[in-house]
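*Asks:* Sequence and computational prediction follow.
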Amino acid sequence: MDLDGSEQDPEVKEHSPVYVGREEDIKKSERMTAVVHDREVVIFYHKGEYHAMDIRCYHSGGPLHLGEIEDFDGRPCIVCPWHKYKITLATGEGLYQSINPRDPSAKPKWCSKGVKQRIHKVTVDNGSIYVTLSNEPFKCDSDFYATGDFKVIRSPFR
C-alpha cells in the first residue's frame with residue numbers, strides 16, 4: 001500500500017527507481033552494493049559512466065562486487081573473482097576467446113556468449129543515484145542467483 005492508502009500494482013512497483021546512495025560516495029569507491037526491490041545489485045562507476053547488474057555471476061554465483069574491472073577488446077568488463085568469467089558492464093554479455101583450430105596462424109579473438117548477466121538502469125538526479133530493475137522479458141542466466149539462498153547482502157531487518 002502506498003502512503004496515500006492506495007494499492008500499487010506490484011509489477012509497476014518492482015520497476016520503479018530506488019535510491020541507492022550519493023554520487024560522491026560511489027565516485028570515491030567506484031562501486032557499491034544495494035538491494036533494489038529485494039534483488040541484490042552492484043553499481044559500478046567506471047570511466048565516467050554508471051553501470052548496474054545482478055551482484056552474483058551468472059556462471060556459478062560468484063560475488064561480482066569483489067571482481068576487478070578490465071578492458072577486453074575495448075569493452076570494460078567485470079571479471080568474476082571465482083572463475084575469471086568476463087562480463088561486459090554495458091550489456092551483460094559473457095565474453096570468451098576463440099581461435100580457429102584449422103588455421104595454425106590464427107590469433108585468438110574475443111567473442112560474445114550473448115547476454116548472460118541482467119543489467120539494470122542507473123539514473124542520477126541532483127547527486128542522488130537511483131537504480132531501476134530491468135523489465136526486459138527474456139530469461140537471463142544471472143536470474144537464477146538473484147533470489148533465495150544466494151543473497152550476499154544481509155538485511156538488519158531480518
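*Replies:* Thanks, I have it. Residues are numbered from 1 along each chain as shown.
*Asks:* Tell me the spacing between the closest residue to residue 62 other than its chain neighbours and residue 117.
*Replies:* Closest residue to residue 62 apart from its sequence neighbours, by CB to CB, 6 or more residues apart in numbering: residue 82 at 3.4 Å. (C-beta placed from N, C-alpha, C; glycine too.) According to CB to CB, to the nearest Å, residue 82 stands 14 Å off from residue 117.
*Asks:* Check the secondary structure at the residue nearest to residue 62 for me.
*Replies:* coil (DSSP: H, G, I helix; E, B strand; the rest coil).
*Asks:* likewise residue 25?
*Replies:* Once three-state DSSP is applied, residue 25 turns out helix.
*Asks:* That one contacts residue 32, correct?
*Replies:* Yes. Residue 25 is within contact range of residue 32, at 6.9 Å (criterion: CB atoms under 8 Å).
*Asks:* which residues touch residue 106?
*Replies:* Applying CB atoms under 8 Å, 6 or more residues apart in numbering to residue 106 gives the contacts 99, 100.
*Asks:* coming back round to it: so between residue 25 and residue 32, which is more surrounded?
*Replies:* Neighbours per residue (other CB atoms under 10 Å) separate residue 25 from residue 32, with residue 32 holding more: 20 against 13.
*Asks:* and the more buried one, that's in a helix?
*Replies:* No. Counting by three-state DSSP, residue 32 is not part of a helix but strand.
*Asks:* that older thread, and for residue 82 and residue 117, which residues touch both?
*Replies:* Residues touching both residue 82 and residue 117 by CB under 8 Å, 6+ apart: residue 57.
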